[in-house]
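*Asks:* can't give you the sequence, but here's the structure:
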Ligand SMILES: Nc1ncnc2c1ncn2[C@@H]1O[C@H](COP(=O)(O)OP(=O)(O)O)[C@@H](O)[C@H]1O
Ligand SMILES: Nc1ccn([C@H]2C[C@H](O)[C@@H](COP(=O)(O)OP(=O)(O)O)O2)c(=O)n1
């Protein structure tokens, strides 16, 4: 067993394990002794008491490689596991301990699939930074036990005697919240820059992105003119409004991410969150540099900025309902201290039905599958709530359902009240 995997062991019994089934997390813990607790729900639902497995990716020193490997692992498991094997997202964490989350997958197999699953997992454990456990009914046939595998043997071997699995209370916040800071959301130029720099060896496009970055991020002189950011979900009317504001105020309009990053956007959208979010974070610093220049000449309107970067990253990192988000006032919602702060941030909100109608009119209505829609609905609610919780500056919400002109007038009122234009 590798040193990294060993380092997870001492607090093994303090860890909580979470398996996500149909978007809902089920928690369990492990114990050396059994005191008559129930069987965790995940195992109660296993038919015929078949075997289950977990593959957790522990964080090696190279977090870029770890992030890439985690993304590739899912593809590999989906490709190489027998199709009957069920794969669910899984994680393990120490409650309230920042950066303690390790992610992976939970596999449910039946007696026909256990041989190919075990062959695949034995191979993985020998070559990759994974911790593999199997779960099977204990000798008394009543309880379930977790056995950790060793990579030293070519045959599967248990490192220690089995631990009993027992149900565990849900933690206060979704476990993903433990690892958001500097993995999903970056709070300084240097943190995001560091990720992009380390990507240079494996992603050639990262070097091109680095070359576009401003050489200094220190705050320039405050722009003479107001800087107004327009935020909102896709199809809430940002493009329509920002174009009108540009014409009405004689302002400069800056899209975000900035145009110079357009050639690389699709490339970075394929990358795991650590890399993808570093790309968007850096885009804001390029936009801030442009704001510094243009804001000396005219008012500046920005189509999306930091609120989008943080809200989408947080809402993607956390799954399930809005209550899974880190609580209001959490440090994850803080504005980076080295990033320009606009004079006003307007959040356009829209009734979901109207938003769908606008998407359809724009020729992009597609997701009619019920399940997909449900998933999107929760995601949409999480993004909107994360938008509202971000502070420094906080956003001002504007109902975008009236006509384009009424929305424009409403926002102009806000701008005139706040920015003395
Ligand atoms: N206030 C409005 N009322 C009705 N339709 C609107 C309004 N604002 C925008 N639209 C239409 O809704 C669609 C999405 O607007 P768009 O400005 O492209 O949104 P976004 O930039 O936020 O994705 C477009 O077809 C646009 O013409
Ligand atoms: N400043 C920005 C702008 C966009 N993003 C990210 C957040 C989301 O993942 C996407 C949203 O972009 P998308 O192209 O869907 O949005 P619009 O078409 O502009 O409405 O981009 C960001 O992280 N930071």
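*Replies:* Looks like it arrived, so ask away. Nothing here was measured: the structure is a model prediction, and the numbers come from that model. Ligands and ions are numbered 1, 2, ... in the order given.

*Asks:* Now do the buried residues in stretch 394-412.
*Replies:* For stretch 394-412, burial by neighbour count (16 or more other C-beta atoms under 10 Å) applies to 395, 398, 400, 401, 407, 408, 410, 411. To be clear about C-beta, it is placed using only N, CA and C from the backbone, and glycine gets the same treatment.

*Asks:* I meant stretch 51-68, not that one.
*Replies:* With burial defined by 16+ other C-beta under 10 Å, the residues of stretch 51-68 counted as buried are 51-59, 64, 66-68.

*Asks:* Tell me how far stretch 74-85 lies from the chain's centre.
*Replies:* 23 Å (C-alpha atoms, centre = their mean, to the nearest Å).

*Asks:* Let me see the ranges of the helices in the stretch 201-350 of the chain.
*Replies:* Assigned by DSSP state H, counting those that start in this stretch, the helices in the stretch 201-350 of the chain fall at 204-212, 238-249, 262-269, 273-294, 306-317.

*Asks:* For the stretch 1-150 of the chain, what lies in contact range of ligand 1?
*Replies:* On the criterion C-beta under 6 Å from any ligand atom, ligand 1 has no neighbours in the stretch 1-150 of the chain.

*Asks:* Can you list the low-confidence ranges for the stretch 1-150 of the chain?
*Replies:* Within the stretch 1-150 of the chain, the stretches with pLDDT under 70 are 1-10, 47-49.

*Asks:* Now do the strands in it.
*Replies:* Remark: strands assigned in the stretch 1-150 of the chain by DSSP state E, counting those that start in this stretch are 16-21, 24-31, 52-57, 86-93, 102-108, 130-137, 144-150.

*Asks:* got those as CSV, with distance to residue 378 columns?
*Replies:* Compiled in CSV, these are given as follows (distance: least, C-beta to C-beta, whole Å):
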stretch, distance to residue 378
strand 16-21, 13
strand 24-31, 11
strand 52-57, 25
strand 86-93, 15
strand 102-108, 19
strand 130-137, 29
strand 144-150, 30
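
*Asks:* could you pick out which of the buried residues of stretch 394-412 are near ligand 1?
*Replies:* By C-beta under 6 Å from any ligand atom, the members of the buried residues of stretch 394-412 lying near ligand 1 are 400, 407.

*Asks:* on that earlier part again, nearest to ligand 1 among the buried residues of stretch 51-68?
*Replies:* Ligand 1 lies nearest to residue 67 out of those, by C-beta to the nearest ligand atom, at 29.0 Å.

*Asks:* In space, what's closest to residue 276 - neighbours in sequence excluded?
*Replies:* Leaving aside its sequence neighbours, residue 276 sits nearest to residue 268 (C-beta to C-beta, 6 or more residues apart in numbering; 5.3 Å).

*Asks:* What is the burial count for the one you found?
*Replies:* 23 (other C-beta atoms under 10 Å).

*Asks:* measure it to residue 215 for me?
*Replies:* 22 Å (C-beta to C-beta, to the nearest Å).

*Asks:* Same check on residue 163?
*Replies:* For residue 163, the distance to residue 215 equals 53 Å [C-beta to C-beta].

*Asks:* ok, now residue 347?
*Replies:* 32 Å.

*Asks:* Which of the two has more residues huddled nearby?
*Replies:* Each of residue 347 and residue 215 has its neighbours counted (other C-beta under 10 Å); residue 347 has more, 22 against 5.

*Asks:* What sits closest to the more buried one if chain neighbours are left out?
*Replies:* In space, and not counting its chain neighbours, residue 347 is closest to residue 395: 4.0 Å by C-beta to C-beta, 6+ apart.

*Asks:* Contacts only, for the one you found.
*Replies:* Residues in contact with residue 395 (C-beta atoms under 8 Å, 6 or more residues apart in numbering) are 231, 307, 345, 346, 347, 387, 388.

*Asks:* which of the residues you listed come close to ligand 1?
*Replies:* Applying C-beta under 6 Å from any ligand atom, the subset of these adjacent to ligand 1 is empty.

*Asks:* Need the max-distance pair from the residues you listed.
*Replies:* Spatial extent of the contacts of residue 395 (C-beta to C-beta) is set by the pair 346 and 388 at 12.5 Å.

*Asks:* Overlap in contacts, these two.
*Replies:* Contacts common to residue 346 and residue 388, judged by C-beta under 8 Å, 6+ apart, are 395, 397.

*Asks:* Give the residue from the two that has the larger number of neighbours.
*Replies:* The neighbour comparison of residue 346 against residue 388 (other C-beta under 10 Å) goes to residue 346, with 26 against 17.

*Asks:* Look up how far ligand 1 lies from that one.
*Replies:* Counting by C-beta to the nearest ligand atom, to the nearest Å, the gap from residue 346 to ligand 1 is 12 Å.

*Asks:* For that residue, which residues are in contact?
*Replies:* 228, 229, 230, 231, 395, 396, 397, 398, 411, 414.

*Asks:* from what I can see the second one touches residue 299, true?
*Replies:* In this case it means residue 229. No. Residue 229 is not in contact with residue 299 according to C-beta atoms under 8 Å; the separation is 12.0 Å.

*Asks:* which of those two has more neighbours?
*Replies:* Counted by other C-beta under 10 Å, residue 229 and residue 299 do not tie: residue 229 has more neighbours, with 28 against 24.

*Asks:* Could you report the pLDDT at residue 173?
*Replies:* Here, the pLDDT recorded for residue 173 equals 80.

*Asks:* and the closest residue to it other than its chain neighbours, how many neighbours does it have?
*Replies:* The shortest distance from residue 173 to any non-neighbouring residue, by C-beta to C-beta, 6+ apart, is to residue 326 (5.6 Å). Applying other C-beta under 10 Å, we find 22 residues neighbouring residue 326.

*Asks:* Next up, the contacts around the closest residue to residue 59 other than its chain neighbours.
*Replies:* Distance criterion C-beta to C-beta, 6+ apart; nearest residue to residue 59, sequence neighbours excluded, is residue 66 at 5.1 Å. Applying C-beta under 8 Å, 6+ apart, one finds that residue 66 lies in contact with 57, 58, 59, 60, 129.

*Asks:* Now render those residues as JSON lines, adding distance to ligand 2.
*Replies:* Output for these, formatted as JSON lines (distance: C-beta to the nearest ligand atom, whole Å):
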{"residue": "57", "distance to ligand 2": "23"}
{"residue": "58", "distance to ligand 2": "27"}
{"residue": "59", "distance to ligand 2": "23"}
{"residue": "60", "distance to ligand 2": "27"}
{"residue": "129", "distance to ligand 2": "28"}
